[in-house]
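A.B. asks: A structural model of the following input is requested.
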Amino acid sequence: MKIQKAIKRYFQNSYRQAKGLKRKKEMKLGDLIELIIRKITFGYGKTIAKKIAALFGYKDCGCDKRQDELNKYKITKNGIEKL
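C.D. replies: As a prediction, this is how the structure comes out:
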């Protein structure tokens, strides 16, 4: 799958820099999904989700809650581990 290849490439290039900071060799799952959504939606992911949630009558889109729940898992070279 493309996501698995991207994760593998991420760990192979552990010295990549983002905004002048070195990235860690491990990443939490919620942060990774947020990063992917941000890249796909050109930074408007939460805005789009909130507007759709309001359209269906919800007060919140649930993005932060989802991210907090998924951040209980971290991705390392050995796979996904629960914290």
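A.B. asks: And L70, how far from D64?
C.D. replies: 11 Å (CB to CB, to the nearest Å). Placement of C-beta: from N, CA and C, glycine included.
A.B. asks: Actually, I37.
C.D. replies: On the measure of CB to CB, I37 and D64 end up 13 Å apart.
A.B. asks: Which one of these two is surrounded by more residues?
C.D. replies: For the pair I37 and D64, the greater number of neighbours falls to I37 (17 against 12), based on other CB atoms under 10 Å.
A.B. asks: I'd say that one and G45 touch.
C.D. replies: Yes - counting by CB atoms under 8 Å, I37 touches G45, with 4.2 Å between them.
A.B. asks: Overlap of the contact sets of these two?
C.D. replies: By CB atoms under 8 Å, 6 or more residues apart in numbering, I37 and G45 have no common neighbours.
A.B. asks: From the chain's centroid, how far away is the helix or strand hosting K39?
C.D. replies: Per DSSP states H and E: K39 is located in helix 29-40. Distance of helix 29-40 from its chain centroid, counting by CA atoms, centre = their mean, to the nearest Å, is 3 Å.
A.B. asks: Return stretch 73-83 as PDB; C-alpha atoms alone will do.
C.D. replies: Extracted in PDB, the C-alpha atoms of stretch 73-83 (Å, rounded to 0.1, in the frame of the first residue of the first chain):
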ATOM      1  CA  TYR A  73      -0.300   4.300  19.600                       C
ATOM      2  CA  LYS A  74       3.100   5.100  18.200                       C
ATOM      3  CA  ILE A  75       4.700   3.900  14.900                       C
ATOM      4  CA  THR A  76       8.300   2.700  15.200                       C
ATOM      5  CA  LYS A  77      10.600   0.700  13.000                       C
ATOM      6  CA  ASN A  78       9.200  -2.500  14.600                       C
ATOM      7  CA  GLY A  79       5.600  -1.600  13.800                       C
ATOM      8  CA  ILE A  80       2.700  -0.100  15.800                       C
ATOM      9  CA  GLU A  81       3.000  -0.100  19.600                       C
ATOM     10  CA  LYS A  82       0.500   0.900  22.200                       C
ATOM     11  CA  LEU A  83       1.800   3.400  24.800                       C
END
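A.B. asks: can you list the residues that contact stretch 69-83?
C.D. replies: 7, 11, 25-33.
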